[in-house]
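**Student:** With the sequence up front, the predicted model follows.
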Amino acid sequence: MREWLAGLRVCAFASWTVCGLWVIGLVFTSSIFAEESSQETKKKEVTFEKGIEEILTAPFGVVVSLGNILVSPSRLPGKAEALYRYPSHVTVVTQEEIRASKAKNIPELLRHTEGLYMHDAVGNQQDLTVSLRGFNEGEDMLVLVDGVKMNEPDANNMIFPLIPLDTVERIEIYRGTSSAIYGDGVFSGVVNIVTKRAPVDREAFAESVFEYGSYQSQRYSEFVGGKAGPTDWSFSYVRNLTDGYRSNGGLRGTFIDAKWEIASEDTFNWQILVKNTDESMQNPGALTTSEMTADRRQTQNPADGREMFMTIVSTDIDWDIEEFLTFRSNLFYRENSLDFITTSRTFPVTSGTDELITDTFQRGVVVELSHDQEILHTTHHLIAGTEFTSNLQDDERFDTTNGVRTGVNTSRVTDKKTAGVYGQYDFDVTDWCRLNAGVRFDDVSFHFVNELDATADRKNNFSTTSPKVGFVLQPWEERLSLFGDFARSFKSPNISDLFAFPDVGGSNPDLGPEKGESFEGGARFNLWDRISGAVSYFRINLSDEIQFDSTATSIQFPFGKFTNVAKTRRQGVELSLKGNTLGLDGYFTYAFTDATLRSGDHSGRKLTMVPPNQFTWGTSYTYEEVTLGLDGFYVDDQYVTGDDANTDSPLEDYLVTNAQLVYKPKDDVEIFFRANNLFDTLYSTRAVIIGFSEAFATGTRFFNPAPERNATVGIRLKF
């Protein structure tokens with residue numbers, strides 16, 4: 001291990017040394033090599049829009065050359081980079097794989113990628129919490145949609161129901177610490193979601209989907225698009241309806257996604273995007289053991305739920321100023337309004353129903369320059385950029401009785417501003433060796449205004465630098481690539497940690513940022529055009545991790561408070577395989593995760609709600625117009641939330657198998673049937689144990705039961 005780290009330090013020193021020499025050399029050689037650079041760059045540059053078309057039509061399970069799978073190496077999409085030249089573990093889910101999965105939402109799709117796991121914290125099986133690499137609350141993973149950060153400022157989590165899967169073209173999952181590119185709060189990885197656009201080879205296109213399934217579930221989806229000279233346009237409309245598996249578990253949602261794009265001779269691209277979501281979601285909540293035994297589908301929280309309304313307007317520019325110099329920018333505005341009614345049955349003081357109204361106004365801009373240069377037969381790629389974001393959140397919390405507001409207990413405004421400057425440098429030492437280095441400086445500020453108590457107003461400020469170094473070796477061209485990287489990252493406290501629940505809730509305005517170091521090593525491979533995949537080992541060490549400390553009591557915090565006390569380690573192995581043989585297409589993923597506390601009274605104990613083992617699998621067979629598929633997932637035992645000492649019985653493991661049948665009489669028509677939880681497994685994805693409460697006995701366990709066997713039938717039409 002020491003030798004491996006020493007090697008990384010050597011790579012880091014070499015990368016930064018070469019970077020300095022490159023900048024100096026650039027001043028003297030730019031004019032000499034400009035003509036050569038423009039010719040070489042013109043040959044090597046490929047945009048996502050052109051390159052991704054090569055793989056979007058690949059059938060599910062078919063092995064694709066590593067050189068054909070494209071990812072974005074920078075904060076903004078633009079220049080495409082072959083996957084095998086990226087220095088960390090990446091998964092790309094293509095449009096055809098999304099269609100073949102028959103998943104209802106994004107979390108259901110991501111469940112079948114290595115290392116991602118999820119649980120249902122509210123009981124409706126719609127608003128799932130997605131986590132990665134030993135983190136369990138979805139707060140340490142960044143989610144981007146068309147370049148816009150979607151994490152909510154109050155808890156740094158993503159509300160996945162706001163983006164329907166029907167509007168998605170592809171998803172890229174970048175594992176590992178990425179603060180050097182993306183800034184605050186990226187300990188476990190980045191999920192980059194790209195929404196649909198019209199096919200580049202069709203002047204007009206339309207696709208309709210209708211589904212009907214268990215629990216009175218209905219889904220209507222319409223996508224249209226076309227071309228007119230240099231202009232592309234597309235429009236998506238999705239309507240989701242379901243009564244839900246449990247009482248008070250329904251959803252009603254309408255989604256609109258529109259794009260307008262104009263391109264000029266492949267040198268200038270301007271895009272305008274508008275997204276709108278109007279959604280009503282019910283939350284049945286958790287059940288005790290006895291309640292779940294009596295009726296898994298019941299609810300004890302008949303009033304709980306939330307109304308959500310979101311609008312995003314963004315514009316992107318991609319401009320090749322010169323053959324070797326590109327300008328990119330993203331300017332966005334996002335408005336999100338939530339009306340959330342929740343009944344607390346597990347809070348360690350008393351039960352009660354609250355209504356929380358949250359209005360969030362986010363705006364930001366990212367500006368990026370990239371430069372490619374050929375010097376002495378070596379390729380140099382430099383990216384420099386800056387990012388500014390503002391998140392203004394206005395919260396009001398009301399006590400309620402029988403749905404009637406009885407008083408205001410919270411009224412606050414929090415303004416979070418972030419300014420970041422970053423740079424990234426890739427140096428192709430040879431055709432088979434690439435070095436990568438990057439660094440980002442961020443300044444994060446909070447201004448909190450308590451409209452009920454001016455003495456509680458606070459201002460906080462955090463500044464940090466996040467470096468990263470990596471390498472890629474290609475001993476066998478596009479058949480095998482070895483990669484490794486080392487990075488430092490940070491995560492500032494979120495609004496809930498700092499200000500949302502003062503006194504009884506334990507919010508602590510004196511919190512500082514969490515700090516992390518991670519390294520990763522692995523390989524990507526393509527064997528005999530039959531089996532492709534990736535395997536990696538990772539380790540993430542965190543210090544000053546924010547956790548609730550029930551022993552840090554005082555007059556102000558009678559039940560404890562959030563503190564920067566924890567040290568944790570998360571390490572593991574991730575494996576993915578995809579192949580085809582004897583007419584069968586299939587995939588298999590496996591993840592081992594060891595997540596432990598390294599400080600405090602529970603040092604050495606396992607972190608809760610982190611399964612040590614999980615795997616997913618799928619296979620399909622096609623005969624003429626009919627495709628039969630089976631897939632499933634396994635999640636190991638895991639300690640429940642609240643059992644930090646690991647003394648209570650864990651949440652039991654579960655294995656779920658699904659089946660589907662697809663009939664495709666012609667290319668433009670597809671009829672499908674899918675059965676979920678084929679063997680009617682009874683399981684729960686999340687459990688909580690409470691230490692004390694006025695309403696329940698100490699040690700009471702609460703569960704969120706998952707659906708039993710259910711089915712969906714649908715049809716997809718293309719025009």
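**Tutor:** Perfect, I can see it now.

**Student:** any idea which strand is longest in the protein?
**Tutor:** What stands out as the longest strand in the chain, according to DSSP state E, is strand 404-430.

**Student:** SS state for the spatially most central residue of the chain?
**Tutor:** Central residue of the chain (Cα atoms, centre = their mean): residue 191, 3.4 Å from the mean position. With DSSP: H, G, I helix; E, B strand; the rest coil as the basis, residue 191 sits in strand.

**Student:** Tell me the spacing between the residue lying closest to it once chain neighbours are set aside and residue 259.
**Tutor:** Spatial nearest neighbour of residue 191, chain neighbours left out: residue 143 (4.8 Å); criterion: Cβ to Cβ, 6 or more residues apart in numbering. C-beta coordinates here come from the backbone N, C-alpha and C atoms, glycine included. Going from residue 143 to residue 259 by Cβ to Cβ, to the nearest Å gives 19 Å.

**Student:** same deal with residue 518?
**Tutor:** Distance from residue 518 to residue 259, by Cβ to Cβ: 35 Å.

**Student:** So for the two, which sits in the more crowded spot?
**Tutor:** Taking neighbours as other Cβ atoms under 10 Å, residue 518 and residue 259 compare with residue 518 leading, 26 against 20.

**Student:** my read: the more buried one touches residue 490, true?
**Tutor:** No. The criterion here is Cβ atoms under 8 Å, and residue 518 misses it with residue 490 at 11.9 Å.

**Student:** so what's residue 165 up against?
**Tutor:** Residue 165 is in contact with 98, 103, 104, 105, 106, 108, 109, counting by Cβ atoms under 8 Å, 6 or more residues apart in numbering.

**Student:** residues in contact with the residue nearest to residue 191?
**Tutor:** 149, 150, 151, 158, 160, 190, 191, 193.

**Student:** Quickly name whichever of the residues you listed is closest to residue 470.
**Tutor:** residue 190 (15.0 Å; Cβ to Cβ).

**Student:** Flag the shaky bits of the stretch 1-150 of the chain, pLDDT-wise.
**Tutor:** Per-residue confidence for the stretch 1-150 of the chain (pLDDT under 70) gives these ranges: 1-73, 78-80.

**Student:** Ok, the stretch 301-450 of the chain next?
**Tutor:** In the stretch 301-450 of the chain, residues with pLDDT under 70: 346-352.

**Student:** Going along the chain, name the strands of it.
**Tutor:** 305-322, 325-344, 352-375, 378-401, 404-430, 433-450 (DSSP state E, counting those that start in this stretch).

**Student:** List the buried residues of the fifth one.
**Tutor:** Right, strand 404-430. 410-428 (16 or more other Cβ atoms under 10 Å).

**Student:** do the same with the fourth one
**Tutor:** Of the residues in strand 378-401, 379-383, 385-387, 389, 391-398, 400 count as buried by neighbour count, 16+ other Cβ under 10 Å.

**Student:** before we move on, what about the first one?
**Tutor:** In terms of neighbour count (16+ other Cβ under 10 Å), strand 305-322 has its buried residues at 305, 306, 308, 309, 310, 312, 313, 314, 316, 317, 318, 320.

**Student:** export the contacts of residue 143 to CSV and tack on distance to residue 255?
**Tutor:** Putting the contacts of residue 143 into CSV (distance: Cβ to Cβ, whole Å) gives the following:
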residue, distance to residue 255
149, 19
150, 14
151, 19
158, 16
160, 12
190, 23
191, 18
193, 13
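
**Student:** in the stretch 451-600 of the chain, which spans are helices?
**Tutor:** Secondary structure of the stretch 451-600 of the chain (DSSP state H, counting those that start in this stretch): helices located at 495.

**Student:** quick one: residue 295 and residue 246, what's the gap?
**Tutor:** Taken as Cβ to Cβ, the span from residue 295 to residue 246 is 9 Å.

**Student:** These two: which has the busier surroundings?
**Tutor:** residue 246 (24 against 12).

**Student:** Can you classify the more buried one as helix, strand or coil?
**Tutor:** coil.

**Student:** who's in contact with it?
**Tutor:** Contacts of residue 246 (Cβ under 8 Å, 6+ apart): 123, 124, 284, 296, 297, 298, 299, 705.

**Student:** Give me the neighbour count for the second one.
**Tutor:** By other Cβ under 10 Å, the residues close to residue 124 number 26.

**Student:** was I right about it contacting residue 281?
**Tutor:** Yes. Under the criterion of Cβ under 8 Å, residue 124 makes contact with residue 281 at 6.3 Å.

**Student:** Pull up the overlap in contacts between those two.
**Tutor:** What both residue 124 and residue 281 touch, as defined by Cβ under 8 Å, 6+ apart, is the set 250, 251.

**Student:** returning to what we had before: any chance of the strands of the stretch 301-450 of the chain in JSON lines, plus distance to residue 532?
**Tutor:** Formatted as JSON lines, the strands of the stretch 301-450 of the chain follow (distance: least, Cβ to Cβ, whole Å):
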{"stretch": "strand 305-322", "distance to residue 532": "30"}
{"stretch": "strand 325-344", "distance to residue 532": "30"}
{"stretch": "strand 352-375", "distance to residue 532": "28"}
{"stretch": "strand 378-401", "distance to residue 532": "26"}
{"stretch": "strand 404-430", "distance to residue 532": "23"}
{"stretch": "strand 433-450", "distance to residue 532": "20"}
